[in-house]
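**Student:** Sequence and predicted model, in that order:
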Amino acid sequence: MPDWNSVEELTLDGAIFLKVMHALAGLYFWEVVTSLDYDWSFLTGKRRFHYPAVFYFLNRYCLLFTMIGILIALDTTVEINCQSLYTFNQIMGQAASGLASINLSIRTIALWSHDKRIIVPLVIIILGHWSLILQGVLLTAIWVPGQGCVVSGTNNTILAATFIYSMAFDLVVLLLSMYKLVLGVRGGRSQLMSLLFKDGLVYFFIAFFSNLLAVVFILLNLNAIMSVIFNVPAAIFSTIVACRAVRRLTNFANKGPEVFVSTGNSFRAAPMGTTPTVPVGSRGTMKSNKGEGVHVQMQTFTMADDHLSEYDAGQKTQIPDLETGDVEISREFKRPPY
């Protein structure tokens, strides 16, 4: 068992920390560059700017500035104020984790049609999360000649509480979304619902296990460096999957409308450009006229991509606007006369 606080071990851990941070910075810079077309579409007016985009941009660029600050702290050869720089990095990095959870919370609120029974608890949870994020200085860093900025101490109690809170928060958001997508909608599942379901699961597992790894090393408290080495990966992976979920939803809206086909007791989604089919044994509306044979009528509804709704037998389930998070409740579709 090594002496985690020996000079040799701290030097080794510092070298590992340096390489891990550079690798993660490269990963995140690649993620930002490859998705700049989405950001640029807002600046050029190709996409309408709505309030959910504010949290998306804050999430992405808070973490971007954090990674730049970390690289400065690790690579500078000129003496700087390490404590101020690490305080900035800590607050911005923790804010990125909090904003990632907010991005998924907004989608969950929209799925529940802005139900106050969902909004109020989630807002309270978000405020509790940010009360931990903004606790203040949790890291102590000093300048060491020949080494640069070195982390010399951490407040492990608050750090662990913040990551555990994030894990619980993500679990609540996942359960609310899954309940609405699985139990709250009857009939066939549309492509949009399948996308929301899969993205929710992927986000939860990636964010949960990255936060869990950070919590384990914080609680082990091996030394100051090992206690924070997995904090940055947790923030990066949470931000990447949350922002990708936002972009995938918006891009889904641009693929075009869906056709919902009546098959008796329910409506089934079919993408535009394909031929809807009625399963064998399903009931349709049939009319028989002399000299005209038997005619089968099939009711179809074309849903615009900015406000999607899904229907079952006599009941309408609202699907949120993919960009604004608003729900269209006044839209009606009339059946053709028989």
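**Tutor:** Looks like it came in fine.
**Student:** Enumerate every residue touching Ile206.
**Tutor:** Shown in contact with Ile206 (Cβ atoms under 8 Å, 6 or more residues apart in numbering): 237-238, 241. Just so you know, the C-beta spots here come from the backbone N, C-alpha and C atoms, and that holds for glycine as well.
**Student:** Swap in 6 Å and give it another go.
**Tutor:** Residues counted as contacts of Ile206 (Cβ atoms under 6 Å, 6 or more residues apart in numbering) are 237, 241.
**Student:** which SSE is it in?
**Tutor:** helix 191-220 (DSSP states H and E).
**Student:** Give me the distance from that helix to the chain's centre.
**Tutor:** Averaging C-alpha positions (Cα atoms, centre = their mean, to the nearest Å) puts helix 191-220 9 Å from its chain's average.
**Student:** Now do the buried residues in it.
**Tutor:** Burial within helix 191-220, assessed by neighbour count using 16 or more other Cβ atoms under 10 Å, is assigned to 192-193, 196, 199-200, 203-204, 206-208, 210-211, 213-215, 217-218.
**Student:** swap in stretch 6-25?
**Tutor:** So stretch 6-25, judged by 16+ other Cβ under 10 Å, has buried residues 9-10, 13-14, 17, 21, 24-25.
**Student:** From these, which land in helices?
**Tutor:** 9-10, 13-14, 17, 21, 24-25 (DSSP state H).
**Student:** between those, which is closest to Val32?
**Tutor:** For these, the closest approach to Val32 (Cβ to Cβ) belongs to Ala25, at 10.6 Å.
**Student:** Pull the number of nearby residues for the nearest residue to that closest one once chain neighbours are set aside.
**Tutor:** Spatial nearest neighbour of Ala25, chain neighbours left out: Met67 (4.6 Å); criterion: Cβ to Cβ, 6 or more residues apart in numbering. Other residues within reach of Met67, judged by other Cβ atoms under 10 Å, total 25.
**Student:** start at 219 instead
**Tutor:** Sure thing, new numbering starts at 219, so read that last one as Met285.
**Student:** Met285 and Ile458: what is the separation?
**Tutor:** As judged by Cβ to Cβ, to the nearest Å, Met285 and Ile458 stand 12 Å apart.
**Student:** and Ser331, what are its phi and psi?
**Tutor:** The phi and psi values for Ser331, taken as degrees, to the nearest 10, are phi 60, psi 40.
**Student:** That one: neighbouring residues, count only.
**Tutor:** Residues near Ser331, counting by other Cβ under 10 Å: 15.
**Student:** could you say what helices and strands the helix or strand encompassing Met310 packs with?
**Tutor:** Using DSSP H and E, Met310 maps to helix 300-329. For helix 300-329, the packing partners by 3 or more Cβ pairs under 6 Å, 6 or more residues apart in numbering; DSSP states H and E come out as helix 269-293, helix 334-351, strand 357-362, helix 374-396, helix 449-471.
**Student:** closest to Ala328 out of those?
**Tutor:** helix 269-293 (8.4 Å).
**Student:** quick one: the closest one to helix 449-471, angle?
**Tutor:** 150 degrees (axes from the mean of the first three to the mean of the last three Cα atoms, to 10 degrees).
**Student:** follow-up on the earlier one: which pair of the buried residues of stretch 224-243 spans the longest distance?
**Tutor:** Farthest pair in the buried residues of stretch 224-243 (Cβ to Cβ) is Glu227 and Ala243. Separation: 24.3 Å.
**Student:** Poorly predicted segments of the stretch 369-518 of the chain, please.
**Tutor:** 402-410, 470-518 (pLDDT under 70).
**Student:** how does it look with 90?
**Tutor:** For the stretch 369-518 of the chain, the stretches flagged by pLDDT under 90 are 369-378, 388-389, 391-429, 436, 438-447, 449, 459-460, 462-518.
**Student:** before we move on, what about the stretch 219-368 of the chain?
**Tutor:** 219-229, 231-233, 261, 263-270, 292, 294-297, 308, 322-333, 351-360, 362-368.
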